[in-house]
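Colleague: need coordinates for the below:
(4 chains)
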There are 2 protein chains.
Amino acid sequence: MEKTLKDLSTEDKIKAAARKIFTKKGYSATRTRDIAKEAGINLALLNYYFRSKEKLFEIVMLENFGQFIEGVRELIYERTTSLDQKVNVLVEFYINQMNENPDLPLFVLNEVRSNPKTLKNNGFTRDMLLKSIFMQQLVEELKQNKKTELNPLHLVMNIFSMTIFPFIASPLILKAGNLSVQDFKTIMEERKKLIPQWIKKMLLNK
Amino acid sequence: MEKTLKDLSTEDKIKAAARKIFTKKGYSATRTRDIAKEAGINLALLNYYFRSKEKLFEIVMLENFGQFIEGVRELIYERTTSLDQKVNVLVEFYINQMNENPDLPLFVLNEVRSNPKTLKNNGFTRDMLLKSIFMQQLVEELKQNKKTELNPLHLVMNIFSMTIFPFIASPLILKAGNLSVQDFKTIMEERKKLIPQWIKKMLLNK
DNA sequence: GTCTATATACGGATAGAC
DNA sequence: GTCTATCCGTATATAGAC
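Modeller: You can find the predicted model right below:
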C-alpha cells in the first residue's frame, strides 16, 4: 500500500510532507522550502493553506502525539482484559508502531522536553494513567504477591523503557551489537514475548 | 562547587556556554548570539576562537559523547569485578550522570540519529561491547543457568533502557505519575538497587 | 584579544500576476 | 488555487579600529 502523493489534495500533500520532515528533523532544522519541495508544490502555497511554519508544526505535533497515545487510552481502561493481556498488547502495539515510524518517539520526547506546554491540550491528562484499570490491576497484583513496597510506577516505566528505548538508541545498538537492520527487527520481535515475561517476574515475590 | 565563569579563560567560557545551550536546544535551535551572551563576551570573539558555529558544535558534541561512554569503557573491561558488581556500578553511574545533566541523553541520541557519521571517531568502536569482559561474563552466566537461547544483547538493552529512558521521558512521567521533581529523584534512587535485582531475575531460569 | 560596525546569506512570509 | 518574484527580518561571519 504505497501512499502515492498524487492521490492527495494539495493541503494533505503539504501536511504529509511536513509531517515527514518535521518528524525526522525537528522544528528548527526543518526548512519550509524543503517541505514544499517534498510536497511537490510551491513555497507560497504552504503559507496559503497554513498561515505559518509554526501553525503547520502544531498540526503535525498533535497528530504525532496522538498516534503515540491513541489506542493506549482505551486499552488501559479496558475492564475485560487481564493485566497480562494488557502488557502483551501494549508492548506489541508500540513495537509495531515504532517499526513503521522509528522517528516518532524521539520527536515526541524532544517536543515535551523543549516545549513544556505541549503537555496541555493533547489528550494526555494527569490521572489518565493513575485512575486507569490497568493501574488498579497492577496494584492488586502487587498486593496479592505481597509486594506492596514496590511503587507500581517502576513497572510502568519498565514496560515503556524496554519497549521504546531500543528504537531510540537503535543506531548505537546496531553498532555496539554488530547487527544488521534485519537482525535488529528480529530482536525486537523476540522482545514482544520477552518483555511481558520479564514484567511478570518483577511482579512475583522472590 | 559552583562553577563561576569568571575563573575560566575566554575560550573556555565560550566552550562552556556553547555546551550548555547546544546540549539543551540542539544545533539548529541554538543562536551563536545566545552563546556569546551566555559567555558574557562579544559575538565576534566566538568566531575568533572557533571558526564557525559548526566547529564549535563539533567540539561540544565530542565532549558530550565522551561523557556518555567514558567511565564505562574501563568498567566493562575490568577483570576483577563480578558481573553483578558491574551492573550495579553501571546503573549507578548513569543515574548520577543524568541527575547532573538531564539533557545529555537526548542530545546524544538525537545526534547519532540525525547525523550518522557521529559514530565515527568518538571512541565508540564496534566490538567495544562485544569483546568486553562484561559480555563474556554475561554469556557465561547465561550458560551456567541454561539460558543460552537468550541473546545477551537483550539484557544489555534492558540495563540501558531501564536506566536512561526514565530521564528522557521525565516530563511525561512527572505528569502521568503526578510526581514532583523530588518524587522523581527518589524513585530514580530506588532504581539504583532495583534494576540490578531485576536483571538478576532475568538471568535466572524460571 | 576584544570590541563595533557591517557584509552576506538564508529562511519565512507576502505581493501580485495568471 | 497556484505560480514567480521579492521583501525583510534574523543569524552567521568578517573587517577593521582599539
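Colleague: how much space between the most centrally placed residue in chain A and residue A:124?
Modeller: For chain A, the residue nearest the mean C-alpha position is residue A:68 (3.7 Å; C-alpha atoms, centre = their mean). In this view, residue A:68 and residue A:124 are 9 Å apart by C-beta to C-beta, to the nearest Å. C-beta here means a position set from N, CA and C on the backbone, and glycine is covered the same way.
Colleague: and what of residue A:38?
Modeller: Residue A:38 is 29 Å from residue A:124, by C-beta to C-beta.
Colleague: more crowded one of those two?
Modeller: residue A:124 (20 against 16; other C-beta atoms under 10 Å in any protein chain shown).
Colleague: residue contacts, that one?
Modeller: Going by C-beta atoms under 8 Å, 6 or more residues apart in numbering or on different chains, residue A:124 touches A:65, A:69, B:172, B:175, B:176.
Colleague: one more: residue A:99?
Modeller: Residue A:99 neighbours (C-beta under 8 Å, 6+ apart): A:185, A:188.
Colleague: confidence score at it?
Modeller: In this model, residue A:99 is scored at 97, pLDDT.
Colleague: before we move on, what about residue A:1?
Modeller: 44.
Colleague: any stretches of chain A with poor pLDDT?
Modeller: For chain A, the stretches flagged by pLDDT under 70 are A:1-6.
Colleague: mind naming the longest helix for it?
Modeller: helix A:181-203 (DSSP state H).
Colleague: next, the angle helix B:181-203 makes with that one.
Modeller: Compare the direction of helix A:181-203 with that of helix B:181-203 by axes from the mean of the first three to the mean of the last three C-alpha atoms, to 10 degrees and you get 100 degrees.
Colleague: ok, residues contacting helix A:181-203?
Modeller: A:84, A:87-88, A:91-92, A:95, A:98-99, A:141-142, A:145, A:147, A:154-155, A:158-159, A:162-163, A:166-167, A:170, A:173-174, A:177, A:179, B:150-151, B:153-154, B:158, B:198, B:201-202.
Colleague: shared neighbours of residue A:68 and residue A:124, anything?
Modeller: What both residue A:68 and residue A:124 touch, as defined by C-beta under 8 Å, 6+ apart, is an empty set.
Colleague: wait, the residue nearest to the centre of chain A touches residue A:101, no?
Modeller: No - assessed by C-beta atoms under 8 Å, residue A:68 is found out of contact with residue A:101, at 9.7 Å.
Colleague: contacting residues for residue A:34?
Modeller: residue A:21.
Colleague: for it, which three-state class applies?
Modeller: Classification of residue A:34 using DSSP: H, G, I helix; E, B strand; the rest coil returns helix.
Colleague: what ranges do the helices span in chain A?
Modeller: A:10-29, A:32-39, A:43-49, A:53-69, A:72-76, A:83-100, A:104-114, A:133-144, A:152-168, A:170-176, A:181-203.
Colleague: most packed of those?
Modeller: helix A:152-168 (a mean of 23; mean count of other C-beta atoms under 10 Å in any protein chain shown).
Colleague: chain center to it: distance?
Modeller: Averaging C-alpha positions (C-alpha atoms, centre = their mean, to the nearest Å) puts helix A:152-168 12 Å from its chain's average.
Colleague: any idea how far residue A:150 lies from residue B:120?
Modeller: Taken as C-beta to C-beta, the span from residue A:150 to residue B:120 is 43 Å.
Colleague: with neighbour numbers in mind, choose between those two.
Modeller: Legend: neighbour count by other C-beta under 10 Å for residue A:150 and residue B:120, higher for residue A:150 (16 against 8).
Colleague: quick check: residue A:93 touching residue A:69?
Modeller: No - with contacts counted by C-beta under 8 Å, residue A:93 stays clear of residue A:69, the gap being 10.9 Å.
Colleague: circling back: separation between the residue nearest to the centre of chain A and DNA strand C?
Modeller: Look at residue A:68 and DNA strand C: by C-beta to the nearest atom of the strand, to the nearest Å, they are 24 Å apart.
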